[in-house]
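Trainee: Let's see this in three dimensions:
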Amino acid sequence: MKRFREYSGVFALSLVVMMMAGIKAWYKYKPEETPAAAITLTPTTIPTAEPTKMVDKDYPLWWQLPYSGIGFTIEKYSEPLTLEIKAVGLGEKIVRERVEKWLEENQVASDSHKLKIN
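Mentor: Numbers count the residues shown, from 1 in each chain. Prediction:
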């Protein structure tokens with residue numbers, strides 16, 4: 001009885017191992033029940049250093065955002081053709097002029113976008 005108490009931990013662990021082996025045998029992996037093509041790999045191109053300049057009529061400058069200029073940050077498009085701008089230490093009129101200049105530099109008509117300046 002004394003030996004049983006000495007090795008009770010080993011006995012308990014061996015019992016757990018046998019139970020796990022029984023469960024594994026019961027739920028044996030059956031390859032015929034699994035789908036043949038569960039994972040399909042598709043080749044893709046390697047991304048380049050420059051982002052793709054895809055033209056989108058509702059979001060033509062999405063690939064350049066967020067953009068930071070002197071005194072303002074163009075954060076995102078809040079709606080189609082509506083830019084959300086955060087002014088930092090400049091008046092709204094000056095920020096509007098600088099954003100319109102930035103739009104013209106990127107070959108976008110300045111009157112095509114609504115500007116939300118915060």
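Trainee: what's the weakest-modelled helix or strand in the chain?
Mentor: helix 2-6 (a mean of 75; mean pLDDT, DSSP states H and E).
Trainee: what's the following helix or strand after that helix?
Mentor: helix 8-26 (DSSP states H and E).
Trainee: Show me what the least confident helix or strand of the chain is packed against.
Mentor: Packing partners of helix 2-6 (3 or more C-beta pairs under 8 Å, 6 or more residues apart in numbering; DSSP states H and E): none among the helices and strands. Where C-beta positions appear, they are placed from N, C-alpha and C, glycine not excepted.
Trainee: residue contacts, Lys86?
Mentor: When contacts are counted by C-beta atoms under 8 Å, 6 or more residues apart in numbering, Lys86 touches 72-73, 75, 117-118.
Trainee: The host helix or strand of it: partners in the sheet, and parallel or antiparallel?
Mentor: Lys86 belongs to strand 82-87 when assigned by DSSP H and E. Looking at strand 82-87 with DSSP bridges, its partner strands are strand 72-79 (antiparallel), strand 114-117 (parallel).
Trainee: Make JSON lines out of the ones you listed and add mean neighbour count.
Mentor: Below are the strands paired with strand 82-87 laid out as JSON lines (neighbours: other C-beta atoms under 10 Å):
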{"stretch": "strand 72-79", "mean neighbour count": "16"}
{"stretch": "strand 114-117", "mean neighbour count": "14"}
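Trainee: I'd like to know which of those strands is closest to Ala25.
Mentor: For Ala25, the closest of those is strand 72-79, at 56.6 Å, according to C-beta to C-beta.
Trainee: the domain parsing of the protein - what is it?
Mentor: The chain breaks down into these domains under automatic domain parsing: 2-33, 62-117.
Trainee: Dump the ones you listed to CSV, plus distance to Asp56.
Mentor: Converted to CSV, those look like this (distance: least, C-beta to C-beta, whole Å):
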stretch, distance to Asp56
domain 2-33, 46
domain 62-117, 6
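Trainee: Pick the most buried one from these.
Mentor: Across the domains of the chain, averaging neighbours per residue (mean count of other C-beta atoms under 10 Å) puts domain 62-117 on top, at a mean of 14.
Trainee: Centroid-nearest residue for this structure?
Mentor: Per C-alpha atoms, centre = their mean, the C-alpha nearest to the average position across the chain is that of Trp63, at 15.1 Å.
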